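Novice: Pasting a predicted model and its sequence here:
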Amino acid sequence: MANNAFNVSILASGSSGNTLYIESPKKRILVDAGLSGKKITSLLAEVDRRPEDLDAILVTHEHRDHIHGVGVMARKYHLDIYANEKTWEAMDGMIGNVPVEQKQIFEMGKVLTFGDLDIESFGVSHDAAAPQFYRFHKDGKSFVMLTDTGYCSDHVRGIIRDADAYLVESNHDLEMLRMGPYPWSLKQRILGDRGHLSNDDGALVITDVIGNNTKRIYLGHLSKENNMKELAHLTMVNTLKEHDLGVGEDFEIYDTDPNYATELFAI
């Protein structure tokens, strides 16, 4: 890895489980650990990485598809866990005993300098205690994670503008969700301001924040029941083309998967 780069792999993304790997020359981090420790280990192996080499886990919020393996990974590999206070309160009883010295506070709206990375946290609108996502900075390069939010405020759009790469939520196709098998109460939750971004919503956010630095857009957190990769991808491509943005020329769009890691890519 070049000294001025950091690398990312979206190890798993979807409503069944989420985890992301990011490495710089000095640090190796998981963001969320929403699958079993065994599965996370096998996903890391897909990109030739080992859990023994990790330094920490950042947590976005306490929903099970983001924290299922946090406790076991922290205990087995002696990893520090970073989350804000409200998220700690919400997840503390869900991840088993974690030694107090491994519990770190990362407050919303703050920047954490972690080795050679600056990690900027920002709040999102989701039905969790205090959900926050992250923009990673190093040497003028940056990567943004934005999933699990019902809408994207102007404030957040300002924070995430013109990153080199994005993981953006494309949770559901509106028609598939409306016509699908979910009970109406669950449909309302997903469609609400504290739910999830649809394919159309995620695409419109990207049209607003994309900049000259942007080279990669990854579509994440797709619903197994209410979306298809092809549909999410097509919606993003068509929306960006409608806004005269250079799909396939200035930047590329990539899919993610709940079961397979993306290739490790350099920022």
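Specialist: Yes, it's here. A quick note: this is a predicted structure, and the numbers were derived from the prediction, not measured.
Novice: can you pull out the helices in the protein?
Specialist: Using DSSP state H, the helices of the chain run over 37-46, 64-67, 70-77, 85-91, 154-160, 174-179, 184-191, 199-209, 229-242.
Novice: and Tyr166, which of the ones you listed is closest to it?
Specialist: helix 199-209 (6.7 Å; CB to CB). Glycine gets a C-beta too; all of them are placed from N, C-alpha and C.
Novice: Now that closest one: buried residues?
Specialist: 199-206, 209 (16 or more other CB atoms under 10 Å).
Novice: Quick one: those as TSV, columns for pLDDT and distance to Asp116 too.
Specialist: Shown next, in TSV, are these (pLDDT from 0 to 100; distance: CB to CB, whole Å):
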residue	pLDDT	distance to Asp116
Asn199	98	35
Asp200	98	37
Asp201	98	34
Gly202	98	30
Ala203	98	33
Leu204	98	34
Val205	98	29
Ile206	98	28
Val209	98	25
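Novice: picking that back up, would you reformat the helices of the chain as TSV and include distance to Leu222?
Specialist: Listed next are the helices of the chain as TSV, based on distance: least, CB to CB, whole Å:
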stretch	distance to Leu222
helix 37-46	17
helix 64-67	12
helix 70-77	22
helix 85-91	24
helix 154-160	20
helix 174-179	11
helix 184-191	13
helix 199-209	9
helix 229-242	6
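Novice: Ok, which of these comes nearest Lys103?
Specialist: The nearest among the helices of the chain, by CB to CB, is helix 85-91 at 6.7 Å.
Novice: Run the chain-centre distance for the closest one.
Specialist: 19 Å (CA atoms, centre = their mean, to the nearest Å).
Novice: Need the contact partners of that helix.
Specialist: 59, 61-62, 67, 70, 83, 103, 105, 107, 128-132 (CB atoms under 8 Å, 6 or more residues apart in numbering).
Novice: Name the nearest of the buried residues of helix 199-209 relative to Ile119.
Specialist: Val209 (18.4 Å).
Novice: my guess is the closest one meets Asp162, correct?
Specialist: Yes: proximity of Val209 to Asp162 meets the contact threshold set by CB atoms under 8 Å, at 7.0 Å.
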